[in-house]
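Undergrad: My questions are about this predicted structure, shown below with the sequence.
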Amino acid sequence: MNQPAVRANLIRRACVGTIPDDWKIVSVAEIMDRKPNAIVGGPFGSDLVSTDYVPAGIPVIRGANMLASNVSGDFVFISEEKGKSLSANMAGPGDVVFTQRGTLGQVAIVPDGPFEKYLISQSQMKLSANSDVIHKPYLLHYFASFAGQKQILDSAIQTGVPHTNLSILRNYAIPLPPTAEQEAIAEALSDADALIEGLERLIAKKRLIKQGAMQDLLTAKRRLPGFTGGWSSKKFGEIARIRNQKIQTFGDSRAEKCIELEQVESETGRLSHWSSAADRTTSKYLFQPGDVLFGRLRPYLRKYFLARTEGVCSTEIWPLCSIGVASNFLYHIVQSEPFVVAACESYGTHMPRADWGKLLTFELNIPDDIEEQDAIGSVLLDMDAEIQAFETRLEKARQVKEGMMQNLLTGRIRLV
C-alpha cells in the first residue's frame with residue numbers, strides 16, 4: 001500500500017475507532033452510487049428564491065424537515081416546471097440528506113412516500129448510496145451515532161458560519177460490517193426509533209388533552225362530577241399576592257434550595273435541578289410550600305413552578321401566595337392562555353418584565369367552593385404526573401438507544 005493510502009487508512013481508523021477484524025473501513029466516496037449527482041448540494045442561491053414557492057408540487061427539504069430520522073414535517077413546494085431546471089438537485093427514496101450549513105449534524109433519510117422526489121435546499125446536501133455495498137438505513141444510523149456526529153462536527157469549516165461541503169462529505173469514514181449484520185443493526189436501531197417516536201407522539205397527544213382540559217375546567221365549560229355551586233368573577237389581585245420577603249442568603253440554610261430562572265423548564269412546570277445560594281451573598285425572594293412561582297422576566301417563556309418545600313428564588317421570579325383559593329388551582333391559572341397574554345403586557349423592550357400593576361386587575365371566574373378549585377387543580381396535576389411518567393420512559397428509551405448505537409456500531413455486541 002502506498003504512503004498516501006496508508007495515511008488515509010490511519011485517518012479513517014482514528015475517526016471510526018476499534019472495530020472487529022471482519023469489518024472494513026470505507027469512505028463515503030467508496031459507497032456512493034455510480035450515477036450522476038449521487039453526491040450533490042442544493043441549487044445556487046439565485047436559482048431558488050422564495051418567489052419560486054407554490055402551494056403544492058415538489059417538496060423542498062430544509063432544516064425544519066430534518067428533525068426526525070425520516071425527512072418529514074411541513075414542506076414548502078416548487079412547481080414541476082421549476083423542478084425540471086433543478087433536476088440535478090433532487091433526492092429520492094433511500095437518499096441520505098445532511099445539513100451543510102446551519103444546524104450541522106442533522107441527518108435524515110428520504111422515505112418511500114408520500115412524495116416521489118424532493119428538492120434539497122441550498123443548506124443541505126444529499127448522498128445516494130450504492131445498495132449493493134451498504135444498507136441505506138445502516139448508513140443513516142451510523143451518521144446519527146456519536147462517532148458519526150463527531151466526524152461531521154470535527155471536520156466542519158469553522159471560518160464564518162460553521163459549514164461543511166461535498167468534498168468533506170466524500171471523505172467521511174464508515175465502519176462497514178458484512179451485509180447481513182448491517183441489516184440486523186439497522187433493524188434493531190429502527191425498532192428503538194419506533195419506540196421513541198411512538199412515545200413522542202403519545203406525549204404530544206397527552207399535552208394537547210391537558211391543554212383542552214385546562215380550557216374547559218378553568219372556565220366551567222365542563223364541571224367535575226359532584227360540583228354544582230356557583231362561580232364568581234374575581235380580579236387576580238384578590239386571589240394572589242407576591243410574597244415580598246427577601247433574605248440575604250449567605251449562611252442561611254433556607255437558601256440551600258435555590259431556584260434561578262434558567263432552572264425552570266418552559267411550559268412544563270418542572271425544575272431541571274436545585275442550586276444553592278447559601279455560600280454566596282445575594283438577595284433572594286423567600287418562598288413557602290404551596291407558593292406558585294412565576295417567571296416575570298420574559299413571561300412569554302411560560303416558566304412556572306408549584307413549591308412543595310421552603311426555599312429561595314431569583315427576584316426575576318414572583319413567589320405568589322394564594323388568597324382564599326386552592327394553590328393547585330392558582331398554579332393552573334398562571335398557565336392559562338389569558339393569564340400569559342395579560343402577563344405579556346409588560347414593560348421593557350430588550351428584557352420585558354410582567355407588570356404586577358396590570359395583573360392586579362386581570363379578571364377571571366373561579367369556583368366559589370374551594371373544594372371544587374382543589375379538585376380541578378388535582379385532576380390537572382394528575383395529568384401532569386402522567387405526562388411526566390411517559391417523559392421518563394422516553395428519556396430511558398433514548399438512553400437505551402444510545403447504548404445500543406455505541407455497542408452495535410462498533411461491533412462490541414454482534415447480532416449475527
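TA: The structure has been received and is ready for your questions. Numbers count the residues shown, from 1 in each chain.
Undergrad: Could you break this protein into its assigned domains?
TA: 3-176, 178-225+370-416, 231-367 (automatic domain parsing).
Undergrad: Figure out how far the first one is from the centre of its chain.
TA: Its chain's C-alpha centre lies 22 Å from the corresponding centre of domain 3-176 when counted by CA atoms, centre = their mean, to the nearest Å.
Undergrad: coming back round to it: could the domains of the chain go into CSV alongside mean pLDDT?
TA: Formatted as CSV, the domains of the chain follow (pLDDT from 0 to 100):
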stretch, mean pLDDT
domain 3-176, 91
domain 178-225+370-416, 96
domain 231-367, 96
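Undergrad: Just send these back as a markdown table, with mean neighbour count too.
TA: For the C-beta atoms, the positions are set from N, CA and C on the backbone; glycine is no exception. Output for the domains of the chain, formatted as a markdown table (neighbours: other CB atoms under 10 Å):
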| stretch | mean neighbour count |
| --- | --- |
| domain 3-176 | 17 |
| domain 178-225+370-416 | 16 |
| domain 231-367 | 18 |
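Undergrad: Would you mind measuring from Thr51 to Arg302?
TA: According to CB to CB, to the nearest Å, Thr51 and Arg302 sit 36 Å apart.
Undergrad: my bad, should have said Lys401
TA: 29 Å.
Undergrad: same deal with Ser327?
TA: Ser327 is 18 Å from Arg302, by CB to CB.
Undergrad: swap in Lys82?
TA: Relative to Arg302, Lys82 is positioned 41 Å away (CB to CB).
Undergrad: what does Gln149 give?
TA: Relative to Arg302, Gln149 is positioned 31 Å away (CB to CB).
Undergrad: One more: Lys205?
TA: 20 Å.
Undergrad: And His163, by the same measure?
TA: Applying CB to CB, the value for His163 to Arg302 is 34 Å.
Undergrad: Which residue is the nearest non-sequential neighbour of Ile196?
TA: Leaving out its chain neighbours, the residue that sits closest to Ile196 by CB to CB, 6 or more residues apart in numbering is Ala397, at 5.1 Å.
Undergrad: Surely that neighbour and Glu200 touch.
TA: No: counting by CB atoms under 8 Å, Glu200 is not a contact partner of Ala397; they are 9.6 Å apart.
Undergrad: and the most centrally placed residue in the chain, what is it in contact with?
TA: Nearest residue to the geometric centre of the chain (CA atoms, centre = their mean): Leu67, 8.7 Å. For Leu67, the contacting residues are Gly73, Gln106, by CB atoms under 8 Å, 6 or more residues apart in numbering.
Undergrad: quick one: what helix or strand has it in it?
TA: Using DSSP states H and E, Leu67 maps to neither a helix nor a strand.
Undergrad: who touches stretch 283-290?
TA: Against stretch 283-290 from outside (CB under 8 Å, 6+ apart): 243-249, 254-255, 258, 277, 293, 306-315, 317-319, 321-322, 327.
Undergrad: who's in contact with the closest residue in space to Arg241 that isn't next to it in sequence?
TA: Leaving aside its chain neighbours, Arg241 sits nearest to Cys321 (5.4 Å; criterion: CB to CB, 6+ apart). Cys321 makes contact with Ala240, Arg241, Ile242, Arg243, Gln288, Gly290, Asp291, according to CB under 8 Å, 6+ apart.
Undergrad: Out of the residues you listed, which comes closest to Leu139?
TA: The closest of the contacts of Cys321 to Leu139 turns out to be Asp291 (CB to CB; 52.6 Å).
Undergrad: so that closest one makes contact with Ser327?
TA: Yes: applying CB under 8 Å, one finds Asp291 in contact with Ser327, separated by 7.4 Å.
Undergrad: Help me confirm that Gln373 is found in a helix?
TA: Yes: with DSSP: H, G, I helix; E, B strand; the rest coil as the criterion, Gln373 is located in a helix.
Undergrad: Would you map the strands across the stretch 201-350 of the chain?
TA: Assigned by DSSP state E, counting those that start in this stretch, the stretch 201-350 of the chain shows strands spanning 231-235, 240-242, 246-248, 258-259, 283-287, 292-295, 304-306, 311-313, 317-322.
Undergrad: Partner strands of the fifth one and their direction?
TA: Partners of strand 283-287 in the sheet, by DSSP bridges, are strand 246-248 (antiparallel), strand 311-313 (antiparallel).
Undergrad: ditto for the longest one
TA: Strand pairing for strand 317-322, determined by DSSP bridges: strand 240-242 (antiparallel), strand 292-295 (antiparallel).
Undergrad: Let me have these in JSON lines, adding distance to His135 as columns.
TA: Below are those laid out as JSON lines (distance: least, CB to CB, whole Å):
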{"stretch": "strand 240-242", "distance to His135": "59"}
{"stretch": "strand 292-295", "distance to His135": "48"}
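Undergrad: Just tell me which of those ends up closest to Gln388.
TA: Gln388 lies closest to strand 292-295 among these, at 17.7 Å (CB to CB).
Undergrad: what does that closest one rub up against?
TA: 240, 259, 261, 264, 287, 301-307, 313, 316-320, 322, 327, 330-331, 334, 343, 354.
Undergrad: now swap in stretch 196-207 and tell me
TA: Counting by CB under 8 Å, 6+ apart, Ala68, Ser69, Met383, Glu386, Ile387, Phe390, Glu391, Arg393, Leu394, Ala397, Arg398, Lys401 sit against stretch 196-207.
Undergrad: The third one contacts Ala213, correct?
TA: Yes: when contacts are counted by CB under 8 Å, Met383 is listed as touching Ala213 (6.5 Å).
Undergrad: returning to that earlier point: mind giving me TSV with the strands paired with strand 283-287 and columns for distance to Arg222?
TA: Shown next, in TSV, are the strands paired with strand 283-287 (distance: least, CB to CB, whole Å):
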stretch	distance to Arg222
strand 246-248	41
strand 311-313	34
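Undergrad: Just the terminal-to-terminal distance for stretch 93-108.
TA: 11 Å (CA to CA, to the nearest Å).
Undergrad: returning to what we had before: as a markdown table, the strands of the stretch 201-350 of the chain with distance to Leu217 would be great.
TA: Putting those into a markdown table (distance: least, CB to CB, whole Å) gives the following:
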| stretch | distance to Leu217 |
| --- | --- |
| strand 231-235 | 11 |
| strand 240-242 | 19 |
| strand 246-248 | 35 |
| strand 258-259 | 27 |
| strand 283-287 | 26 |
| strand 292-295 | 17 |
| strand 304-306 | 17 |
| strand 311-313 | 28 |
| strand 317-322 | 17 |
